[in-house]
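Peer 1: attaching a predicted model along with its sequence, questions to come.
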Amino acid sequence: MTRADAAKRIAALREQIHHHDSLYYVEARPEIADAEYDRLTRELRELEARFPDLITGDSPTQRVSGVPTDVFKPVEHQIAMLSLDNATTADDLREFEARISRALAGTRFTYVCEPKIDGLGVALLYRRGRLARGATRGDGRVGEDITPNLKTIRSIPMVLSGPLAAVDELEVRGEVFMPRAAFAKLNRTLEEAGETTFANPRNAAAGAVRQKDPAVTGRRPLDIFIYHLSRADALAFATHWETLEALRAAGFKTNPKVERCETLDAVIAYCERLEHLRDDLGYDTDGVVVKVDALEHQRRLGSTTHHPRWAIAFKFAARQATTVIEAIEVGVGKTGILTPVAKLQPVELAGVVIRNVSLHNEDEIRRKDIRVGDTVLIERAGDVIPYVVQVVTAKRPAGAEVFRFPTRCPACGGVAFRPEGEAYWRCMNSGCPAQLKERLRHFGSRRAMDIEHLGEKVIEQLVDRGLVKDFSDLYTLTVDRLADLERLGDKSAENLVRAIDGSRTRGLARLLNALGIRLVGERVAQLLAARFGSLERLAQAPEAELAEVHGVGEAIARSVRAFFDDPTNSALIKRLKEVGVVTAEPEAAAGPKPLAGKTFVLTGTLRTLTRDAARERIERLGGRVAGAVSKKTDYVVVGEAGGKKADHARRLGVTMLDESEFLALVKQE
Ligand code: IVH
């Protein structure tokens, strides 16, 4: 191949690769298979290796190139990279609008709203459509030249398309960020290698962008959204919106969630919507940037030395905060598990004051090296319970000691033990009052024996005063015996006694759940109750028979057997019967089982009964309810909006029942 032929082929390959890069990284709609893409790149690399003088900086093979540097060259920004003014309430936004109205003397204006990406601002310079330089924001006037690092970001085009490609010198601004999934993966890798993890995607992105070796940056998956074109008005664009369209056409990745808003009410609605969407975006946002759309209006409004007057950042509630650990307390759960909890200097996070945060277990404390007195970064994202992200070691007070996990139960002083291979320490004292309190709390809870008025304060006193030593003692309580409990008037005592009395007939399923047998929760309790009908029969069932029950595996069977084999528990059951707790299912359960062997699947919403109630009827008559439709399914009960499962049943030819047919079946049976 001649040099001229090679040059031609190289140019064609580069164009194709740039095109496919844009489809893949910017638009997320690839048109060719990875193998095909790899083939193009390989061919280009081979040609460039044969004709090294044809290599140019904008070749897709040069994304990761350049030698590691010790210092980044300073870059003076021709146009300062300003900050943004902040708003935290709708009223702040209204004031923003009022200021603009005054300055524009009544001229009508509209807005563009965009997610505020929580990353790092950068400026990219293109000369005649080719990436010439990329810089950090720095202090806004002078940043650092990090071109080789930015070139590794595949959604940054090396060459532009369309009209913008012809512009002599063009500068765009955007936010570099690390997608959440990539961040989680990076932290996992770092953790496995025993290296320090990053507190959040922003820090990870900042670390990656400032790597001395671009090859390292290249291994950290970064992405970018472009949100600004400097000197756009000089290019004859009339609005920010138009500018964004032109940027997209040139090959830049712009945010798909950007919207035009005609009124401030629409802006406020956008902010609310985006805050709800926040967890589903795949990247971190810390607010919404609201911009006046018309560039002419922007020019008239101008900037302060700190921020443009035509834009404002509406900030979402922060999700991370730092605070100080005042103490680490260890609590005891109903099965004796010891859980360490950090007592915090109260701090507000995403609208809630946080005082405690669970530290989970000994290993977690050791891994993060959490000590009393430490300043810690805590996070509360969406519905997630707050947790310690990391210790701010720079703020550790001198003399802060490594936390030693107690080897005795902090509640009863009994021996605590951590079995080999397990994460938790347990209090080994079965009479431990803290465990008893937790068990009583569970016993009386809504989905167990449902005893109203049996609150935490009452349980606390009942145990501490020795009035209750096990569940059966609850049923011997009288208004008289409750008389000297603090803050429990006659009326409340009566209510409590009545509530306890009423719980005697909750049925076997609830009683089984209430007993707190390891691995037996609400669902398993229902299965066992339906199968055995009484506590006596269940207590005598051999392990193998237990394991045969559908939905009850070997581990559960073993745990149930162990529970009834323990003499303390058989004594408890005897006492429960003596005090009148009903330990058998109501008669109907022992009745005929016409649906024995039949499998049902429930889908959609039923109008007259809940799913639990439907399931209960089926099981009472000996049937079983499965989660998914298969050839073995006998009936599919289709409620309203019972989509996929109903379709599947139809395909398999399974009998389908609507609500009235189902009701007729269970009634008739
Ligand atoms: S516009 C003159 N738009 O937030 C243009 N900034 O707190 C001003 N940021 O320095 C910036 N997402 O790094 C703009 N959609 C967005 C943004 C955004 C994130 C960053 C940017 C800026 C900082 C100000």
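Peer 2: Cool, got the structure.
Peer 1: from here on, contacts and neighbour counts on C-alpha atoms
Peer 2: Fine.
Peer 1: any idea of the pLDDT on residue 590?
Peer 2: Looking at residue 590, its pLDDT reads 56.
Peer 1: wait, what's in contact with residue 197?
Peer 2: For residue 197, the contacting residues are 187, 190-191, by C-alpha atoms under 8 Å, 6 or more residues apart in numbering.
Peer 1: so which strand or helix has residue 536?
Peer 2: Under the criterion of DSSP states H and E, residue 536 resides in helix 535-540.
Peer 1: residues in contact with that helix: which ones?
Peer 2: For helix 535-540, contacts defined as C-alpha under 8 Å, 6+ apart pick out 508, 528, 532, 561, 564, 583-584.
Peer 1: can I get it in CSV, CA atoms only?
Peer 2: In CSV, the C-alpha atoms belonging to helix 535-540 read as follows (Å, rounded to 0.1, in the frame of the first residue of the first chain):
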residue,chain,number,x,y,z
LEU,A,535,-49.2,-26.2,67.6
GLU,A,536,-49.2,-29.7,69.1
ARG,A,537,-49.1,-31.3,65.6
LEU,A,538,-46.4,-28.9,64.5
ALA,A,539,-44.4,-29.5,67.6
GLN,A,540,-44.3,-33.2,66.9
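Peer 1: in that helix, which residues are buried?
Peer 2: Across helix 535-540, burial judged by 16 or more other C-alpha atoms under 10 Å covers 535, 538-539.
Peer 1: which bits of the protein sit near the ligand?
Peer 2: 82-84, 114-117, 120-121, 175, 227, 289 (C-alpha under 6 Å from any ligand atom).
Peer 1: with the ligand as the reference, measure out to residue 207.
Peer 2: 16 Å (C-alpha to the nearest ligand atom, to the nearest Å).
Peer 1: look up the closest residue to residue 427, ignoring the ones flanking it.
Peer 2: residue 416 (4.4 Å; C-alpha to C-alpha, 6 or more residues apart in numbering).
Peer 1: within the sheet, what are the partner strands of the helix or strand hosting the one you found, with directions?
Peer 2: Per DSSP H and E, residue 416 falls inside strand 416-417. Partners of strand 416-417 in the sheet, by DSSP bridges, are strand 426-427 (antiparallel).
Peer 1: show me what the next helix or strand along the chain from the partner strand is in contact with.
Peer 2: Going down the chain from strand 426-427, the next helix or strand is helix 433-444, by DSSP H and E. For helix 433-444, the surrounding residues in contact (C-alpha under 8 Å, 6+ apart) are 332-336, 411-412, 448-452, 454-456, 459-460, 463-464, 469-471, 513-516.
Peer 1: what sits against residue 345?
Peer 2: 323-326, 355.
Peer 1: restricted to strands, list the residues you listed.
Peer 2: Here DSSP state E is the test, and those give 323-326, 355 as lying in strands.
Peer 1: if any of those are buried, put those into a PyMOL selection.
Peer 2: This is how PyMOL selects the buried members of the ones in strands among the contacts of residue 345, with burial counted by 16+ other C-alpha under 10 Å:
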select buried, resi 323+324+325+326
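Peer 1: which one of the ones in strands among the contacts of residue 345 is nearest to the ligand?
Peer 2: residue 323 (23.7 Å; C-alpha to the nearest ligand atom).
Peer 1: that closest one and residue 376 touch, don't they?
Peer 2: Yes: here residue 323 reaches residue 376: they are 5.6 Å apart, a contact under C-alpha atoms under 8 Å.
Peer 1: residues near the nearest residue to residue 168 once chain neighbours are set aside, how many?
Peer 2: Leaving aside its sequence neighbours, residue 168 sits nearest to residue 128 (C-alpha to C-alpha, 6+ apart; 4.6 Å). Using other C-alpha atoms under 10 Å, residue 128 has 16 neighbouring residues.
Peer 1: wait, residue 128 touches residue 163, no?
Peer 2: No: Residue 128 lies out of contact with residue 163 (C-alpha under 8 Å); the separation is 10.3 Å.
Peer 1: what residues sit buried inside the host helix or strand of residue 208?
Peer 2: Using DSSP H and E, residue 208 falls within helix 201-209. Neighbour counts over helix 201-209 (16+ other C-alpha under 10 Å) mark 201-206, 208-209 as buried.
Peer 1: who are the packing partners of it?
Peer 2: Packing partners of helix 201-209 (3 or more C-alpha pairs under 8 Å, 6 or more residues apart in numbering; DSSP states H and E): strand 120-127, strand 169-177, helix 180-192, helix 214-218.
Peer 1: what comes into contact with that helix?
Peer 2: Contacts for helix 201-209 (C-alpha under 8 Å, 6+ apart): 118-120, 146, 149-150, 176-180, 183, 198, 216-217, 220, 222, 284.
Peer 1: how does it look with 7 Å?
Peer 2: Helix 201-209 is contacted from outside by 118-120, 149, 177-178, 180, 183, 198, 217, 220, 222, using C-alpha atoms under 7 Å, 6 or more residues apart in numbering.
Peer 1: and residue 480, how many residues sit next to it?
Peer 2: Residue 480: 10 neighbours (other C-alpha under 10 Å).
Peer 1: can you tell me how far it sits from the ligand?
Peer 2: Applying C-alpha to the nearest ligand atom, the value for residue 480 to the ligand is 66 Å.
Peer 1: and the helix or strand that contains that residue, how far out from the chain middle?
Peer 2: Element membership for residue 480 (DSSP H and E) is helix 479-482. Centre-to-centre, helix 479-482 and its host chain are 47 Å apart (C-alpha atoms, centre = their mean, to the nearest Å).
Peer 1: helices or strands up against it?
Peer 2: Judged by 3 or more C-alpha pairs under 7 Å, 6 or more residues apart in numbering; DSSP states H and E, the packing partners of helix 479-482 are helix 490-502.
Peer 1: angle of the helix it packs on against helix 433-444?
Peer 2: 70 degrees (axes from the mean of the first three to the mean of the last three C-alpha atoms, to 10 degrees).
Peer 1: which residues touch the helix or strand just after helix 490-502?
Peer 2: Moving toward the C-terminus from helix 490-502, the next helix or strand (DSSP H and E) is helix 508-514. Here helix 508-514 makes contact (C-alpha under 7 Å, 6+ apart) with 442-443, 448-449, 520-522, 525-526, 529, 534, 583-585.
Peer 1: mind listing which of these are in helices?
Peer 2: The members of the contacts of helix 508-514 that map onto helices under DSSP state H are 442-443, 522, 525-526, 529.
Peer 1: does residue 289 count as helix, strand or coil?
Peer 2: Put simply, residue 289 is strand when judged by DSSP: H, G, I helix; E, B strand; the rest coil.
Peer 1: and the strands in the stretch 1-150 of the chain?
Peer 2: Shown for the stretch 1-150 of the chain, the strands assigned by DSSP state E, counting those that start in this stretch span residues 74-76, 85-87, 111-117, 120-127, 130-136, 142-144.
Peer 1: quick one: closest of those strands to residue 543.
Peer 2: The closest approach between residue 543 and any of those, judged by C-alpha to C-alpha, belongs to strand 111-117 at 56.9 Å.
Peer 1: avg pLDDT for the closest one?
Peer 2: Strand 111-117 comes out at a mean pLDDT of 98.
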